[in-house]
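Enquirer: Following is a predicted model, sequence given first.
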Amino acid sequence: MASAGPDSESSAATGSLIASLNEDLELEFRSITQYVQHVACVTGPEYTSTVEELKVHLSQELNHSTVLAEQIAFLGGTPSTAASAAPPFVDSRSALQADLDLEVAQLERYRARVEEANGAGLPDVAEALRPLLTQTQEHVRDLQAALGK
Ligand SMILES: [Fe+2]
Ligand SMILES: [Fe+2]
């Protein structure tokens with residue numbers, strides 16, 4: 001049978017992939033709310049160019065959210081509208097550290113998700129997630145550089 005979606009044999013794997021993708025989506029929503037706050041609240045001459053980078057990240061996180069929601073719907077799931085809570089703002093440096101911690105966690109999650117999708121026989125889903133992995137790697141590097149790491 002020619003099928004664009006998952007077959008019944010892989011429904012358990014698909015269900016678990018949908019659940020994981022929804023957690024990824026909720027973390028992207030957290031990323032968006034966190035970056036919106038940090039674009040406004042991170043201050044200091046040493047962070048002027050960083051704030052511009054955060055604005056770029058912000059627009060990319062919206063795209064990541066959209067890709068995730070589309071893949072969840074493709075797999076037969078319903079995209080979540082819940083957001084993981086962002087930590088409270090303390091100061092610029094700890095805000096950027098929180099951004100870095102989140103991006104590192106997301107990078108690990110996307111690496112696992114690409115493998116999970118391939119393992120579930122869903123190479124199209126894995127391929128759709130690859131740009132998220134690549135951009136998340138860039139976000140990690142940008143934040144490491146901003147924090148002098
Ligand atoms: Fe993202
Ligand atoms: Fe990111």
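Expert: Received the coordinates, thanks. The model shown is predicted, which means the values in this text are computed figures rather than measured ones. Numbering: from 1, shown residues only. Ligands and ions are numbered 1, 2, ... in the order given.
Enquirer: Can you list the buried residues in stretch 46-60?
Expert: Residues Tyr47, Thr50, Val51, Glu53, Leu54, His57, Leu58, Gln60 are the ones in stretch 46-60 that count as buried (16 or more other C-beta atoms under 10 Å). C-beta here means a position set from N, CA and C on the backbone, and glycine is covered the same way.
Enquirer: Double-check Leu100 against Val140; I have them as touching.
Expert: Yes: at 6.8 Å, Leu100 counts as touching Val140 under the criterion of C-beta atoms under 8 Å.
Enquirer: Please identify which residue in this structure comes closest to ligand 2.
Expert: His139 (3.6 Å; C-beta to the ion).
Enquirer: if I look at that residue, how far off is ligand 1?
Expert: Going from His139 to ligand 1 by C-beta to the ion, to the nearest Å gives 7 Å.
Enquirer: returning to what we had before: turn the buried residues of stretch 46-60 into CSV, including pLDDT, distance to ligand 1 and secondary structure.
Expert: Formatted as CSV, the buried residues of stretch 46-60 follow (pLDDT from 0 to 100; distance: C-beta to the ion, whole Å; DSSP: H, G, I helix; E, B strand; the rest coil):
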residue, pLDDT, distance to ligand 1, secondary structure
Tyr47, 96, 20, helix
Thr50, 97, 17, helix
Val51, 97, 18, helix
Glu53, 97, 14, helix
Leu54, 98, 12, helix
His57, 98, 8, helix
Leu58, 98, 10, helix
Gln60, 98, 6, helix
